[in-house]
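Participant: build me a model:
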Amino acid sequence: MTCMTFKGMAMALSLFGSTMAVAANDGQARVSGLLGSSTEYRDTWQSVVQSEERLPDWIINLSGHSPEQMTAVSEDGDNYLAGPLCETAESCKSGRLLVAVSLDKEDAYALYVQVPAGLPTDKSPSRHATFRFLGKPDEGMQQMLMEQLKKDPNWY
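Facilitator: Numbers count the residues shown, from 1 in each chain. As a prediction, the model looks like this:
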């Protein structure tokens, strides 16, 4: 009887620990570390970029600079991790990628934003930017990615 109780307690502690590890990691990832964190994310991202033309290597490999951690977001009842990526810390003003990946690792979408380099500070980047969606997001996902962009205090 003691053995069964001990096993039951050990299993409960194991499940509790696993749940806490997932909760502690929720939103703690950065886009630049996403492909190395899971083969499922790597395969999903590869399926997004393989049909795209003329993408820079830092987007194909998600190997740029992640200025902040990914955050948990919801779109149409599905949960995603979303976050930004730039080629370098200095290039974030002229080019960035906003990525959203589903928690089940089955779907990935992105918004590639380019602003002319050297745009004067008195010019609004939102009025001079070009936008390119990756992964064929529906209208709701496109809006969610645009909302992620608007959270940047330098975006006006």
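
Participant: use CA for all of it now, contacts and neighbours both
Facilitator: OK.

Participant: what does stretch 51-58 contact?
Facilitator: Contacts to stretch 51-58, defined as C-alpha atoms under 8 Å, 6 or more residues apart in numbering, come from residues 63-64, 86-87, 134.

Participant: revised request: answer the last question for stretch 62-70.
Facilitator: Contacts for stretch 62-70 (C-alpha under 8 Å, 6+ apart): 27-35, 57-58, 81-89.

Participant: ok, so of the contacts of stretch 51-58, who is nearest residue 99?
Facilitator: The closest of the contacts of stretch 51-58 to residue 99 turns out to be residue 134 (C-alpha to C-alpha; 9.1 Å).

Participant: nearest spatial neighbour of that closest one, skipping sequence neighbours?
Facilitator: Leaving aside its chain neighbours, residue 134 sits nearest to residue 110 (5.0 Å; criterion: C-alpha to C-alpha, 6 or more residues apart in numbering).

Participant: tell me what that neighbour is bridged to.
Facilitator: Note on residue 110: beta-bridge partners by DSSP bridges are residue 99, residue 134.

Participant: pLDDT score assigned to it?
Facilitator: The confidence metric pLDDT takes the value 98 at residue 110.

Participant: contacting residues for it?
Facilitator: 97-100, 133-135, 145.

Participant: got it, and residue 115?
Facilitator: By C-alpha under 8 Å, 6+ apart, the residues touching residue 115 are 93-95, 125, 128-130.
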